[in-house]
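*Asks:* no sequence for this one, just the structure:
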């Protein structure tokens, strides 16, 4: 979700010693999504047969395990 991506990005900025307001980071994520989804050439959209994996409440290792499980018969 945009909120989770903004939360992760905000945390990353703070851990690097930067300053940022979560609300500003969230707005930038939403703006970028809007631009990417509506561009004339190669808009950012999932393929019709894509499998969507909601990683909002998962660690990177959990996401990897879920993705790997989808690849195994």
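*Replies:* Happy to help now that I have it. Remember, it's a predicted structure, so these values are computed and weren't measured experimentally.
*Asks:* Check the offset of stretch 47-57 from the chain's centre.
*Replies:* Stretch 47-57 sits 11 Å away from the centroid of its parent chain (CA atoms, centre = their mean, to the nearest Å).
*Asks:* So what's the residue count around residue 29?
*Replies:* Residue 29: 20 surrounding residues under other CB atoms under 10 Å. Quick note: C-beta positions are derived from backbone N, CA and C, even for glycine.
*Asks:* Kindly apply the preceding question to residue 7 instead.
*Replies:* Number of residues near residue 7 (other CB under 10 Å) recorded here: 16.
*Asks:* likewise the one 4 residues further on?
*Replies:* Residue 11: 13 surrounding residues under other CB under 10 Å.
*Asks:* do the same with the one 4 residues further on
*Replies:* A total of 8 residues lie near residue 15 under the criterion other CB under 10 Å.
*Asks:* From here on, call the first residue 42.
*Replies:* In the new count, where the first residue is 42, that last one comes out as residue 56.
*Asks:* Many thanks, I have nothing further to ask.
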